[in-house]
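Novice: coords please:
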Amino acid sequence: MLTWWMDMLSAKGITELVMLDVAAPSAIAAIEFSVSRLRIPALAKLTLGFINITFGWCMGFSELEAFFLVCCSCSARHVSLAMEKLENLKTLRIFGVDLAVVGVGTGAGDGAMEIASSSLSSLELMESKASTLAIRQDGIGGTIGG
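Specialist: Purely as a prediction, here's the structure:
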């Protein structure tokens, strides 16, 4: 059923999508969701909550400007790879996500997250963890943690 909805929303070319698993918010990551399933170039804002996320290639989001993750299960590595592909992303907010947990998602790595973006202007991490965080923007970079 979720696959059908994602295909329908992709065909409609929506600009904003908020998807929360409100049926069982206490059971983090009850629903599996592959971001790569969406093919919506016009999508400008994507909010996902209480979902187990896999990013895949994270293509098809040429206009995405705001990405919010709330109590999702995903790997730091996948978030890092997605940031490289989201060329117009201006705002990234991650709330209640433990990116430092090794083994979450395929190829989770060691929980080290690197954000390489020339467009990102706002980053908020609240109640979230990563083993290290490296931020690189237009030749400027730094690392937090370790």
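
Novice: what helix or strand is residue 11 located in?
Specialist: helix 2-12 (DSSP states H and E).

Novice: off-centre distance for that helix?
Specialist: 19 Å (Cα atoms, centre = their mean, to the nearest Å).

Novice: quick check: buried residues in that helix?
Specialist: For helix 2-12, burial by neighbour count (16 or more other Cβ atoms under 10 Å) applies to 6, 9, 10. The way it works is simple: take the backbone N, C-alpha and C, and place the C-beta from them, glycine included.

Novice: before we move on, what about stretch 129-139?
Specialist: In stretch 129-139, counting by 16+ other Cβ under 10 Å, buried: 129, 130, 131, 133, 134, 135, 136.

Novice: enumerate every residue touching the first one.
Specialist: With contacts defined as Cβ atoms under 8 Å, 6 or more residues apart in numbering, residue 129 is in contact with 97, 98, 99, 100, 111.

Novice: is it bridged to anything, and to what?
Specialist: Beta-bridge pairing of residue 129 under DSSP bridges involves residue 98.

Novice: start the count at 899, not 1, going forward
Specialist: In the new count, where the first residue is 899, that last one comes out as residue 1027.

Novice: per-residue confidence at it?
Specialist: Residue 1027 carries a pLDDT value of 81.

Novice: next one: it relative to residue 1009, how far apart?
Specialist: 8 Å (Cβ to Cβ, to the nearest Å).

Novice: which neighbours do these two have in common?
Specialist: Taking Cβ under 8 Å, 6+ apart as the criterion, residue 1027 and residue 1009 both touch 997, 998.

Novice: I figured residue 1033 hits residue 1019, correct?
Specialist: No: assessed by Cβ atoms under 8 Å, residue 1033 is found out of contact with residue 1019, at 12.0 Å.

Novice: wait, isn't residue 964 in contact with residue 988?
Specialist: Yes: in this structure residue 964 lies within contact range of residue 988 using Cβ under 8 Å: 6.7 Å.

Novice: residue 1014 pairs with what?
Specialist: Listed by DSSP bridges, the beta-bridge partners for residue 1014 are residue 1034.

Novice: element containing the residue nearest the centre of the chain?
Specialist: Taking Cα atoms, centre = their mean, the centroid of the chain lies closest to residue 977, which sits 5.4 Å from it. In the assignment (DSSP H and E), residue 977 maps to helix 974-983.
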